[in-house]
Structure formats: C-alpha cells, structure tokens
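> Predicted model follows, preceded by the sequence.
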Amino acid sequence: MASYLLIHGAWHGAWCWDKVVPLLEQKGHSAVAVDLPAHGEDLTAISTITLQMYADKICEVIGQQQEPVILVGHSLGGISITQAAEQCPSNIRKLVYLSGFLLPNGVARLGYGADIEGSLIDAHKEMSIDKTSVSFKPAGIKETFYHDCRIEDIAKATTLIKPEPIAGIVTPVNYTAERFGRLPRVYIECLQDRAVLPALQKRMYTETPVERVFSMNTSHSPFFSAAGELVDYLISAG
C-alpha cells in the first residue's frame, strides 16, 4: 500500500480531491489533500505568498507521513511539487503530474508555451489592481475546467474558487539533478483539456522526460469527471 499527497492547481484547494481521497482509502492506501497557502481554507495573505512557501508547506506535510509519499500535482500544482521535490526528496517516492506543469529548470509558468495557442484560460483570467493575484471569471469556469463534469460538481467549484497568487506563476523553478532529478516521474495527460492544452502537456513531458505517460480522455478535471479511472492510474503510477 502507498501514501499519496495530493496538491491542487491554480484557483483550487484541497476540495478538488474530495472524490479521490476516499477512493484511494477504500483500496487500502493513505491519502492526504493539502491547501497550499492562500488557497482553500488557508487564510494566508495573498500579498505575502512565495513559491518557497508552497514547497515549505508540502515538505511539512510530507514530514508528518509514516513513509515516503507519492506526490501528485495537478496543473499549476506541478510547479509546487517540483520545488518541494528539490527541497525534501528523501521523503518522496515518486512524482505524478496530472495535466501538471513540469517545467525545465530555471523556467517560470509565465510565458511558457505561449506559442501553443487556444487555452481558454487567457479569455477568462483577470489581474488584480495591485498585481498580486489573478482571478478567474465565473462565466468561463465550466467551459475551461469542467466541461465533462456533473452540474453539482461545477456548482461546488464555482463557489470555492479563489484568486490565484501571482508568485507561483512568475517564479522560475530551481532544481538539481542530484535532488529533484533523482526521483521517478509519471505524467497523466488529459486529452480534452481546454486549460492546459494536450500539445503543451506533451511538450512538458517530452522536454523533461518521465518514466511513463498515462492518457485520460477527459477535461482538465478528471478528479471530478472520472475519479475512479484517475485513482486506477494513480495506483498504477505508484
């Protein structure tokens, strides 16, 4: 049996894993979903957020587990798990990127893949007046993230989505072959993703190679639309 630590992406919180955690537990695994600082129920001020704070939080929770974890990052959460892997690799068994940002060393999310056009995020995001966060317009939530999800899941997400601190978007990842690079990596691509386009996902797992790629015929949010299938892949990945 394995221990899973689940990290959400931009605008989301631990709540996005609410279907996945019990399914993993039913199969005999342990699973913990974390609110990164200023996300979900965490009330840290957005203006104070840094990428290092995300890595610190993840490594803190990893240190509380009974064994090395399979660390899963969705979307922008991929950047957070990469930085955490550099910081505390000894407590991580494997990295899993779910339509996640797996970036080359020294690269930030901002501007990466700008030549791959068509993401619906661009049409619906809105920078705050003080330039510390990016909000997502409610009108675009379903078509961007959840077009294959149940109405009740979309309604839940719409009430819980929060502004995204800019720090995780503009800060480059910084890692070494000796720490992050020694950990095995798996990628789960979402083939109907309208947020992180399949072409961009493929670029990432090609530029920064992984040991295995799983493909899901879903939107950006299989934790809602195909939770059972996602859990099967997470178990296979481990």
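Looks like it came in fine.
> Would you map the strands across this structure?
Along the chain, the stretches classed as strands by DSSP state E are 3-7, 30-34, 69-74, 92-98, 125-127, 133-136, 164-165, 185-190, 212-216.
> Let me know which of those strands is tucked in deepest.
Mean neighbours per residue, mean count of other Cβ atoms under 10 Å, is largest over these for strand 69-74, with a mean of 28. Where you see a C-beta, it was placed from the backbone N, CA and C, and this is true even at glycine.
> Just list what it packs against, helices and strands only.
Contact partners of strand 69-74 among helices and strands, from 3 or more Cβ pairs under 8 Å, 6 or more residues apart in numbering; DSSP states H and E: strand 3-7, helix 51-63, helix 77-87, strand 92-98, helix 227-237.
> Can I get that strand in PDB, CA atoms only?
Once non-C-alpha atoms are left out, strand 69-74 reads as follows in PDB (Å, rounded to 0.1, in the frame of the first residue of the first chain):
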ATOM      1  CA  VAL A  69       4.900   9.700  -0.400                       C
ATOM      2  CA  ILE A  70       3.700   9.600  -4.000                       C
ATOM      3  CA  LEU A  71       3.400  13.300  -4.600                       C
ATOM      4  CA  VAL A  72       0.700  14.300  -7.100                       C
ATOM      5  CA  GLY A  73       0.400  17.800  -8.600                       C
ATOM      6  CA  HIS A  74      -2.500  19.000 -10.700                       C
END
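> Run a quick neighbour tally on the closest residue to Lys131 other than its chain neighbours.
What sits nearest to Lys131 in space, not counting adjacent residues and going by Cβ to Cβ, 6 or more residues apart in numbering, is Ile166, at 6.7 Å. Taking other Cβ atoms under 10 Å as the neighbour definition, Ile166 ends up with a count of 19.
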